[in-house]
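# return a 3D structure for these sequence lines:
(one chain, ligands or ions: 1)
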Amino acid sequence: MPSPAQPTPLIRPVAREEVGAIAQLARTVWQAAYRDIISQAQIDYMLGQRYGAPRLLEELARPDIWWDQAFVGARRLGFAATQATATPAEFKLDKLYVHPEAQRQGVGSALLQHVAQRCRARGGKSLVLAVNKNNAQAIAAYRKNGFEVRESVCVEIGNGFVMDDFIMARSLA
Ligand SMILES: CC(C)(COP(=O)(O)OP(=O)(O)OC[C@H]1O[C@@H](n2cnc3c(N)ncnc32)[C@H](O)[C@@H]1OP(=O)(O)O)[C@@H](O)C(=O)NCCC(=O)NCCS
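Predicted structure coming up:
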């Protein structure tokens with residue numbers, strides 16, 4: 001059952017001094033979301049790959065990647081990262097994470113709407129993402145927001161780990 005609705009979150013870009021807080025929130029969400037889906041070793045490996053300060057600072061400086069975060073009051077409840085792709089008019093939602101205590105209260109959908117609006121403003125016609133095939137909660141949230149499965153992939157990411165994902169896509173029309 002959905003929890004009672006939160007007030008509408010305020011969404012703003014991530015600033016350089018906030019990368020530590022984003023990495024901490026990522027760990028909190030990943031530990032809860034992925035503990036029954038991938039191994040602890042893979043969680044640690046992927047968090048290390050994606051949320052180290054140098055990597056986040058490099059992404060924040062790029063013109064083709066956007067990091068957004070959602071607050072209710074002073075509380076940071078979620079974040080999203082979006083990037084341009086090699087396919088014209090197609091953008092990728094690379095990350096979407098909401099604090100476990102704030103899930104199912106509309107924060108993820110608010111971030112998605114914000115991302116979709118930005119992509120449209122930049123001429124985007126479609127938005128794609130990769131989601132673990134066993135991540136039923138996220139797949140439900142993406143379907144609710146208009147995404148459909150486009151293909152199934154299994155990608156090696158080093159250290160013997162794979163990402164066994166669905167690629168989902170939605171039109172931005
Ligand atoms: C996936 C995620 C970002 C969605 O954000 P959220 O704020 O929880 O989602 P919303 O409250 O906007 O939910 C939107 C819809 O998704 C569906 N949904 C969300 N959580 C669900 C759940 N646990 N079970 C079934 N449906 C669910 C519902 O249809 C919901 O609408 P409703 O509440 O009106 O029925 C969030 O759950 C999350 O951070 N999960 C863990 C990390 C993760 O898997 N991220 C995605 C990586 S690809």
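# grab the nearest non-local neighbour of Y34.
Setting aside the residues directly before and after it, Y34 is nearest to I43 in space (CB to CB, 6 or more residues apart in numbering), at 5.4 Å. C-beta: built from backbone N, CA, C; applies to glycine.
# show me what counts as buried in stretch 94-108.
94-99, 102-108 (16 or more other CB atoms under 10 Å).
# format the residues you listed as TSV; extra columns: secondary structure and pLDDT.
Shown next, in TSV, are the buried residues of stretch 94-108 (DSSP: H, G, I helix; E, B strand; the rest coil; pLDDT from 0 to 100):
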residue	secondary structure	pLDDT
D94	strand	98
K95	strand	98
L96	strand	98
Y97	strand	98
V98	strand	98
H99	coil	98
A102	helix	97
Q103	coil	98
R104	coil	97
Q105	coil	96
G106	coil	97
V107	helix	98
G108	helix	98
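# of these, which are in range of the ligand?
Counting by CB under 6 Å from any ligand atom, 96-98, 103-108 from those sit close to the ligand.
# out of those, which comes closest to the ligand?
G108 (2.0 Å; CB to the nearest ligand atom).
# surely the closest one and L77 touch.
No - judged on CB atoms under 8 Å, G108 makes no contact with L77 at a distance of 9.5 Å.
# between these two, what contacts are shared?
Common contacts of G108 and L77 (CB atoms under 8 Å, 6 or more residues apart in numbering): V98.
# residues from the chain in reach of the ligand?
2, 29, 33, 96-98, 103-109, 131, 135, 137-138, 140-141, 144.
# could you say which helix or strand holds V115?
In this structure, V115 sits in helix 107-121 according to DSSP states H and E.
# what sits up against that helix?
6, 8-9, 11, 66, 68, 70, 72, 77-80, 82, 91, 93, 96, 98, 124, 127, 141, 144-145, 172.
# redo that, cut-off 6 Å
If you take CB atoms under 6 Å, 6 or more residues apart in numbering as the criterion, helix 107-121 is touched by 9, 11, 68, 70, 77-78, 80, 82, 91, 93, 96, 98, 127, 141, 145, 172.
# could you do stretch 77-94 as well?
Applying CB under 6 Å, 6+ apart, the contact partners of stretch 77-94 are 22, 64-70, 95-99, 102, 107, 111, 115, 119, 123-129.
# so where's the protein shaky on pLDDT?
Residues of the chain that meet the criterion pLDDT under 70 lie in 1-6.
# quick one: the strands in it?
10-13, 65-72, 75-84, 90-98, 126-132, 148-158, 161-171 (DSSP state E).
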